[in-house]
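> mind folding the following:
(chains A and B)
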Protein chains: 2
Amino acid sequence: AIVAGLSELYSPGALQGCTVMITAGPTREAIDPVRFISNRSSGKMGFELAAAAQKTGARVIVIAGPSGEFLAAGIERWDVETAQQMYETVMQHIEDCDIFIGAAAVADYRPATRSAEKIKKKETALTLRLVRNPDIVQAVAALDQGRPFTVGFAAETHRLKEHAEHKRCHKQLDMIAANWVGRPGLGFDSTSNALEVFWEGGHVSIAQATKAQVARHLIEIISERYHAQSSAAHSGS
Amino acid sequence: AIVAGLSELYSPGALQGCTVMITAGPTREAIDPVRFISNRSSGKMGFELAAAAQKTGARVIVIAGPSGEFLAAGIERWDVETAQQMYETVMQHIEDCDIFIGAAAVADYRPATRSAEKIKKKETALTLRLVRNPDIVQAVAALDQGRPFTVGFAAETHRLKEHAEHKRCHKQLDMIAANWVGRPGLGFDSTSNALEVFWEGGHVSIAQATKAQVARHLIEIISERYHAQSSAAHSGS
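Below you'll find the model as predicted:
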């Protein structure tokens, strides 16, 4: 198989003919009609990845949780609120996707019950029972038929490499992009970011830059690994 | 005492020389560096109230939780994240305020402990212990010295009038503005709203309109009641 050279991958058109699905933003898990649990995610990183993927010629589908950020024009967008809705919407549209990037900060847990009426604050303390949400990126990576090249994200406050590599192996992802959280100027609610990217037998650090720049760099790496894996699969068959 | 006529109250200048403090937006209560509990509030209603108050000639101070909405220029703004921070910031600036409008959707509860590290999702279920946050509008209404004319908000899913009137009496508010939540096109995350406004011996319904229009109407009612109360207090002394 002919492996495309770097210059080609970096140029527009690297993902021409490919369909890329990207999840973005937080999800919201209702406690009652007013209160909810969520995550610190603006959606900006996912939206920048969508814009970067679009520039490579890909058809891009974004499944977005509640976000105040703007998405570039010409990108198919499905808005959702909960992790369960995001899971269902991803599964409805995943069939023809070549690449899946799980950039959303999906709530891992939701309240076990959702109160139809606003809970009155009578108690000085209360306990909230939480249950696990579906793991979307893991479900995509586990697809039998039409499994796309699957990229996960990991937001870590400590032991980043260990946690990210564990997550990549455990969920059988093709790649994982990890970032530190809780450090000033990076990640959530910030316009800049830095990533540590891991795949089987490889690792690249993307230095701190604007989220748009980091997104372009990550799409380049994804494109390169995606084509390398496709070539390997074809030459192996 | 001379009670100003309606036409005067409705015109710009009705709150000239007054300082109005408005809380707006949700608060966020951290579970860990990534997860949090919050409320469905865009901050739009509070910001529209600030713009409407500014147009009447008042000096306006906004204490805002995380919001993606834009605030009109020329308004003093203090950004906060948690209910505790909002409480402290309100108390720092309340001294010279004539009118306080608690339009923020303050989280009633916060997690009893905040994890410094991101909690790993090992369990299929978990419980979260929550404790009460300070009640900001109640604390303002209970001020001994320099207590402002205090307006609260109530977002209700059922028995609106009963709940709103109970809240107004219990917290000793001068006025309460109540809105339905969970009804399409109204309140949270919506550009339009409708309010039921209650005070001691009075009630006005503000019909569904844009939040800007509803805000102007509510500021008119507040201005009228504020001046009526001031006049009564002066004639009584």
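> burial of the residue in chain A that chain B sits nearest to, as a residue count?
Ranking the residues of chain A by distance to chain B (C-beta to the nearest C-beta) places A:Gly68 first, at 3.3 Å. For glycine as for every other residue, the C-beta is placed from the backbone atoms N, C-alpha and C. As a burial measure, A:Gly68 scores 12 neighbours (other C-beta atoms under 10 Å in any protein chain shown).
> next: A:Glu95.
11.
> so for the longest helix seen in chain A, what's the average pLDDT?
Among all segments of chain A classified by DSSP state H, the helix with the greatest residue count is helix A:211-236. Averaged over helix A:211-236, pLDDT sits at 90.
> and that helix, what does it pack against?
helix A:6-10, helix A:44-55, strand A:99-102, strand A:149-156, strand A:175-180, strand A:192-199, strand A:202-210 (3 or more C-beta pairs under 8 Å, 6 or more residues apart in numbering or on different chains; DSSP states H and E).
> so which bits of it are buried?
Applying a neighbour-count criterion of 16 or more other C-beta atoms under 10 Å in any protein chain shown, one finds A:211-228 buried in helix A:211-236.
> does A:Val20 sit in a helix, a strand or a coil?
strand (DSSP: H, G, I helix; E, B strand; the rest coil).
> who does it bridge with?
A:Val60, A:Ile99 (DSSP bridges).
> what is the neighbour count of it?
Each residue near A:Val20 was counted by other C-beta under 10 Å, and the total is 29.
> now swap in the one 5 residues further on and tell me
The number of residues packed near A:Gly25 is 30, by other C-beta under 10 Å.
> can you check A:Pro66 too?
Using other C-beta under 10 Å: A:Pro66 sits among 18 other residues.
> surely it meets A:Ala30?
No. Between A:Pro66 and A:Ala30 there is no contact under C-beta atoms under 8 Å: 11.9 Å.
> tell me which parts of chain A are close to chain B?
A:31-40, A:68, A:105, A:107-109, A:112, A:116-118, A:121, A:123-132, A:155-158, A:181-182, A:188 (C-beta under 8 Å from any C-beta of the partner chain).
> give me the buried entries from these.
Buried among those by 16+ other C-beta under 10 Å: A:31-40, A:105, A:107-109, A:118, A:126, A:128, A:130, A:132, A:155-157, A:181-182, A:188.
> filter the residues you listed down to just the ones in helices.
Among those, no member falls in helices (DSSP H).
> which of those fall within strands?
A:35-39, A:109, A:126, A:128, A:130, A:132, A:155-156 (DSSP state E).
> find the pair from those with maximum spatial separation.
Comparing every pair within these by C-beta to C-beta identifies A:Leu126 and A:Glu156 as the most remote, at 30.3 Å.
> near the closest residue to A:Glu29 other than its chain neighbours, how many residues? Count them for me, please.
Nearest residue to A:Glu29, sequence neighbours excluded (C-beta to C-beta, 6 or more residues apart in numbering or on different chains): A:Arg110, at 3.7 Å. By other C-beta under 10 Å, 21 other residues sit near A:Arg110.
> again, but for the one 5 residues further on
Burial of A:Ser115, expressed as a neighbour count using other C-beta under 10 Å, amounts to 14.
> over to A:Ala142?
12.
> next, the nearest residue to it once chain neighbours are set aside: secondary structure please.
Distances taken as C-beta to C-beta, 6+ apart place A:Gln172 nearest to A:Ala142, at 6.9 Å, with adjacent residues excluded. State at A:Gln172, reduced to three classes by three-state DSSP: coil.
> name the helix or strand of chain A that has the lowest mean pLDDT.
Scoring the helices and strands of chain A by mean pLDDT, DSSP states H and E places helix A:6-10 at the bottom, with a mean of 49.
> who's in contact with A:Ala107?
Neighbouring residues of A:Ala107 by C-beta atoms under 8 Å, 6 or more residues apart in numbering or on different chains: A:26-29, A:37-39, A:82-83, A:133, B:35.
> what of A:Leu128?
A:31, A:111, B:127-128, B:130.
> from B:Phe36, how far off is it?
For A:Leu128, the distance to B:Phe36 equals 13 Å [C-beta to C-beta, to the nearest Å].
> ok, which pair from the contacts of A:Ala107 is furthest apart?
Largest pairwise distance in the contacts of A:Ala107, by C-beta to C-beta, is 14.7 Å, between A:Thr82 and B:Arg35.
> shaky segments in chain A?
Low-confidence segments of chain A (pLDDT under 70): A:1-12, A:184-189, A:236-237.
> go with 50
For chain A, residues meeting the criterion pLDDT under 50 lie at A:1-5, A:7-9, A:237.
> give the residue farthest from the middle of it.
A:Lys122 (39.1 Å; C-alpha atoms, centre = their mean).
> who does the nearest residue to A:Val214 once chain neighbours are set aside bridge with?
Among residues not flanking A:Val214 along the chain, A:Asn193 sits closest, at 4.8 Å (C-beta to C-beta, 6+ apart). Assessed by DSSP bridges, A:Asn193 has beta-bridge partners A:Ala209.
> isn't A:Asn193 right up against A:Gln208?
Yes. Checked against C-beta under 8 Å, the pair A:Asn193 and A:Gln208 is within contact range at 7.1 Å.
> between the two, which one's more packed in?
Neighbour count, other C-beta under 10 Å: between A:Asn193 and A:Gln208, A:Asn193 has more, with 25 against 16.
> so how far is A:Lys44 from that one?
From A:Asn193 to A:Lys44 the distance is 9 Å (C-beta to C-beta).
> can you list residues touching both of those two?
A:Lys211.
> hmm, the residue of chain A closest to chain B is touching A:Ser42, no?
Yes. Counting by C-beta under 8 Å, A:Gly68 touches A:Ser42, with 7.3 Å between them.
> what angle do the longest helix of chain A and strand A:202-210 make?
160 degrees (axes from the mean of the first three to the mean of the last three C-alpha atoms, to 10 degrees).
> could you give the angle of helix A:211-236 to strand A:192-199?
10 degrees.
> A:Pro148 against A:Phe100, yeah?
Yes. Counting by C-beta under 8 Å, A:Pro148 touches A:Phe100, with 4.4 Å between them.
> which one of these two has more residues nearby?
A:Phe100 (27 against 22).
> measure that one to A:Asp108 for me?
19 Å.
> ok, A:His166 next?
Taking C-beta to C-beta, one finds A:His166 at 15 Å from A:Asp108.
> kindly report the same for A:Glu220.
30 Å.
> A:Val204 bridge partners, please.
Legend: beta-bridge partners of A:Val204 under DSSP bridges are A:Val197.
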